[in-house]
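[1] With the input below, show me the fold.
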Amino acid sequence: MTPPNGTLADTKPDGTEGSSLAVARRASGESTNELKRGLNHRHLQMIAIGGAIGTGLFVASGSTISQAGPGGALAGYALVGLMVFLLMQSLGEMSAKIPVAGSFQSFATRFVSPSFGFAIGWNYWFNWAITVAAELVAAGIIMDFWFPGVPGWVWAGIFLLVLTGLNALSAKSFGESEFWLSLIKVSAVVLFLIAGVLMIFGILGDSSPGLSNWENREDVFHGGWVSIISVFMVAGFSFQGTELVGVAAGEAKNPRREVPKAIRTVFWRIMLFYIGAIFIIGCLIPFTDPSLLASGESDIASSPFTLVFDRAGIAFAAALMNAVILTAILSAGNSGLYASTRMLYAMAHDGMAPRIFGRTNARGVPIAALLATAAVGLFGFLSAIVGQGAAYSWLLNMSGLCGFIVWAGIAVSHYRFRRGFLAQGNKVSDLPYKASLFPIGPLLAFALLILVIAGQNYEAVLAGRSVEVLTSYIGLPVFIVLWLGHRYITKSRVVPLLEMDLTGPKDLEDEPRAAAQ
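    Residues are numbered from 1 along each chain as shown. Just a heads-up that it's a prediction; the model follows:
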């Protein structure tokens, strides 16, 4: 039965109540440092959709078409889409059964080893904390379009305060802000798809190239397999953020019903947006167009979305896309602040971070964890010292590999979760949501991720550019050091299948399982 105040009874790291002391503390009115389930269906849907729609689609998609041709770009994004689909199935199965805020860190700890969970948790926190800083720098670059005389660090500071304030109110306030920010992004993509189709059929714009840009095989797959693999690397960054639904499950009102719904629908919508947008860009803009080479936040006028809207006769196309991209950046920063705060909170409850980060206020917000993460956002002020573009690139390169490592951790955790679940006498039909392609799914996703991680910046490796190699791959040795260092100190070992903790949050275990099939 859910407590009268609607809070999660999760004084233990796995989200369970588990002790008479916790009951006594609640009875006396003392805070038990609980999160609150304030996110509903529409919040989860938009968090998952919005997490994967950002500058990777609005700006960088043009450079991938220029590099590999329209067919090569489609192939690269489709391959990454397959990998993300498999990972979302794995994440959905674990998150629907055990919806806790720690998500990947909790799963890695329970199903692989405490040391693996320790490394995954800190890796994910670092990834999104640094991403918040990078997005603040990018926001300063965007605002320069309208206010060229105002230093970027001013906007970075303003947006940091706004995002921190939204996250400090409640999980519901985060969900609402993310819903509307994501809605703007999704609306822009839908408008783009409609305008693009009308232009292809000659209804909008002066003239239509039809499908002429797809006739020459050498142009369609420019550069062959090498270019497709390069796009595969870039596309992986574009889809990072889809895993946010796993973190949000810890504060969803009915996660065992809503998480499966989000997993089932979000992937196909995202693929429609990406594949549809790249197909339209490939139809309307030749891959040889020099404008497609632009891939930075300062190149709004060269964004393929801006070019198409402009050719469709939509006034103020550059200003429109500048506003949309600003919402995409703020959405990424908002989600990053939320995800990294919850991860730090969960690690504190697991004894893997200082206990102060596991405390919440009356609204169920882990304020100490939020402020610590926001402090990392101060790196955004590097823009005032080393220049906006340089700061953004440096921060993004430092955190880029971390997301792929977490994805690999999801695949490994799911493979062992399913084996442990069956070993303990359970049946697949008992799961609120099941990954239909197990065991091929997590194994194939893991293999593709190894390819992505190894090929992060193979060009710099071959060219011997040591600084680029360092910034591109630094996340991997840091992860290994965290993992093996924790294992050496704590002497932890791989969790046996029969000893895995498969229990969900107490408030959900006390209620009948929602039928989510």
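
[2] Helices of the stretch 301-450 of the chain, start to end?
    304-311, 317-349, 367-376, 383-386, 388-423, 440-454 (DSSP state H, counting those that start in this stretch).

[3] Out of the ones you listed, which is closest to residue 40?
    helix 317-349 (15.6 Å; Cβ to Cβ). (C-beta placed from N, C-alpha, C; glycine too.)

[4] got the buried residues for the closest one?
    Residues 317-318, 320-349 are the ones in helix 317-349 that count as buried (16 or more other Cβ atoms under 10 Å).

[5] and if you look at stretch 159-173?
    Within stretch 159-173, the residues scored as buried using 16+ other Cβ under 10 Å are 159-160, 163-164, 166-168, 170-173.

[6] mind showing which ranges of this protein have poor pLDDT?
    Scanning the chain for pLDDT under 70 picks out the ranges 1-33, 293-302, 380-398, 506-517.

[7] pretty sure residue 37 is touching residue 252, no?
    Yes. Counting by Cβ atoms under 8 Å, residue 37 touches residue 252, with 6.2 Å between them.

[8] returning to that earlier point: could you save the helices of the stretch 301-450 of the chain as JSON lines and add columns showing distance to residue 62?
    Converted to JSON lines, the helices of the stretch 301-450 of the chain look like this (distance: least, Cβ to Cβ, whole Å):
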{"stretch": "helix 304-311", "distance to residue 62": "4"}
{"stretch": "helix 317-349", "distance to residue 62": "12"}
{"stretch": "helix 367-376", "distance to residue 62": "31"}
{"stretch": "helix 383-386", "distance to residue 62": "24"}
{"stretch": "helix 388-423", "distance to residue 62": "18"}
{"stretch": "helix 440-454", "distance to residue 62": "21"}
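
[9] Quick check: which of these is nearest to residue 123?
    Nearest to residue 123, of all those, is helix 388-423, at 5.1 Å by Cβ to Cβ.

[10] Kindly reformat the buried residues of stretch 159-173 as CSV containing distance to residue 72.
    Shown next, in CSV, are those (distance: Cβ to Cβ, whole Å):
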residue, distance to residue 72
159, 36
160, 38
163, 36
164, 41
166, 39
167, 39
168, 45
170, 45
171, 41
172, 43
173, 42
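
[11] Please flag which of the residues you listed sit within helices.
    In helices, judged by DSSP state H, the following of these are found: 159-160, 163-164, 166-168, 171-173.

[12] Nearest to residue 306 among those residues?
    Using Cβ to Cβ, residue 159 comes nearest to residue 306 of these, at 22.3 Å.

[13] give the contact list for the closest one.
    By Cβ atoms under 8 Å, 6 or more residues apart in numbering, the contact list for residue 159 reads 136, 139, 330, 333.

[14] The first one reaches residue 158, doesn't it?
    No. Counting by Cβ under 8 Å, residue 158 is not a contact partner of residue 136; they are 9.5 Å apart.

[15] one step back: now, the most widely separated pair of the contacts of residue 159?
    Farthest apart among these - using Cβ to Cβ - are 136 and 330, which lie 9.4 Å from each other.

[16] tell me the centre residue of the protein?
    residue 241 (1.1 Å; Cα atoms, centre = their mean).

[17] My guess is that one contacts residue 56. True?
    No. The criterion here is Cβ under 8 Å, and residue 241 misses it with residue 56 at 9.4 Å.

[18] From start to finish, how long is stretch 481-498 in a straight line?
    Start-to-end span of stretch 481-498 (Cα to Cα, to the nearest Å) is 28 Å.

[19] mind listing what's buried in that stretch?
    Within stretch 481-498, the residues that count as buried by 16+ other Cβ under 10 Å are 482-483, 486-487, 492, 495.

[20] likewise stretch 412-428?
    Residues of stretch 412-428 classed as buried under the neighbour-count rule (16+ other Cβ under 10 Å) are 412-418, 420-421.

[21] Quick check: of the residues you listed, which lies closest to residue 474?
    Nearest to residue 474 among the buried residues of stretch 412-428, with distances taken as Cβ to Cβ, is residue 412, at 21.6 Å.

[22] Now for the closest residue to that closest one other than its chain neighbours: which residues touch it?
    Spatial nearest neighbour of residue 412, chain neighbours left out: residue 112 (6.0 Å); criterion: Cβ to Cβ, 6 or more residues apart in numbering. For residue 112, the contacting residues are 409, 412-413, 416, 494-495, by Cβ under 8 Å, 6+ apart.

[23] Kindly report the same for residue 352.
    Listed by Cβ under 8 Å, 6+ apart, the contact partners of residue 352 are 105, 117-118, 121-122.

[24] cool, residue 276 as well?
    Residues in contact with residue 276 (Cβ under 8 Å, 6+ apart) are 193, 196.

[25] What strand or helix carries it?
    If you go by DSSP states H and E, residue 276 is part of helix 255-284.

[26] quick one: buried residues of that helix?
    Neighbour-count burial for helix 255-284 [16+ other Cβ under 10 Å]: 255-263, 266-267, 269-271, 273-274, 276-284.

[27] shouldn't residue 76 be in contact with residue 232?
    Yes. Between residue 76 and residue 232 there is a contact under Cβ under 8 Å: 4.6 Å.
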